[in-house]
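Student: compute the structure for the input listed below.
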Amino acid sequence: QVQLVESGGGLVQPGGSLTLSCAGPKFTLNYYVIGWFRQAPGKEREGVSCISNNDKSTSYADSVKGRFFISGDNAKNTVYLQMNSLKLEDTAVYYCATGCRVDDVLIWGQGTPVTVSS
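Tutor: Purely as a prediction, here's the structure:
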């Protein structure tokens, strides 16, 4: 079964940075658009950013534009989410998945928690 595995979550102070990684099979990362999603306690899962590893086109939610940056390393079969200037409201479990929209996702990772707290 195809798996996507996230890592890099943790506790960070407001204004700090974290980089999340999403590792998966080469075919999956090269064939599908890969997205990062998040789900805060009591809230619906939402899209954060996604990347096409074919043409490297990217998109971002308005709430993270200019602070988060998505990138892919085909040689390492990994997609990254660099998160800067983190805010309290960025606290959530972050998931990588195939797709840009929740309704389009075929494969989910298990999630990695990010807590922004002073």
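Student: please, where are all the strands along this structure?
Tutor: In the chain, the segments counted as strands under DSSP state E are 5-7, 10-12, 18-23, 33-39, 46-52, 58-60, 68-73, 78-83, 92-98, 112-116.
Student: just checking, what packs against the fifth one?
Tutor: In terms of contacts (3 or more CB pairs under 8 Å, 6 or more residues apart in numbering; DSSP states H and E), strand 46-52 is packed against strand 33-39, strand 58-60, strand 68-73, strand 78-83. (C-beta placed from N, C-alpha, C; glycine too.)
Student: so how far is it off the chain centroid?
Tutor: From the chain centre to the centre of strand 46-52 is a distance of 7 Å (CA atoms, centre = their mean, to the nearest Å).
Student: list the buried residues of it.
Tutor: For strand 46-52, a neighbour-count test (16 or more other CB atoms under 10 Å) marks G47, V48, S49, C50, I51 as buried.
Student: of all the helices and strands packed on strand 46-52, which one is nearest T19?
Tutor: strand 78-83 (5.0 Å; CB to CB).
Student: make a markdown table from the strands of the chain and add distance to V105 and mean pLDDT to it.
Tutor: Listed next are the strands of the chain as a markdown table, based on distance: least, CB to CB, whole Å; pLDDT from 0 to 100:
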| stretch | distance to V105 | mean pLDDT |
| --- | --- | --- |
| strand 5-7 | 14 | 95 |
| strand 10-12 | 24 | 98 |
| strand 18-23 | 13 | 96 |
| strand 33-39 | 7 | 96 |
| strand 46-52 | 9 | 96 |
| strand 58-60 | 15 | 96 |
| strand 68-73 | 16 | 94 |
| strand 78-83 | 14 | 96 |
| strand 92-98 | 4 | 96 |
| strand 112-116 | 16 | 98 |
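Student: now N53: how far from S118?
Tutor: Using CB to CB, to the nearest Å, we find N53 at a distance of 36 Å from S118.
Student: neighbour-wise, which of the two wins?
Tutor: With neighbours defined as other CB atoms under 10 Å, N53 and S118 compare such that N53 has more, 20 against 7.
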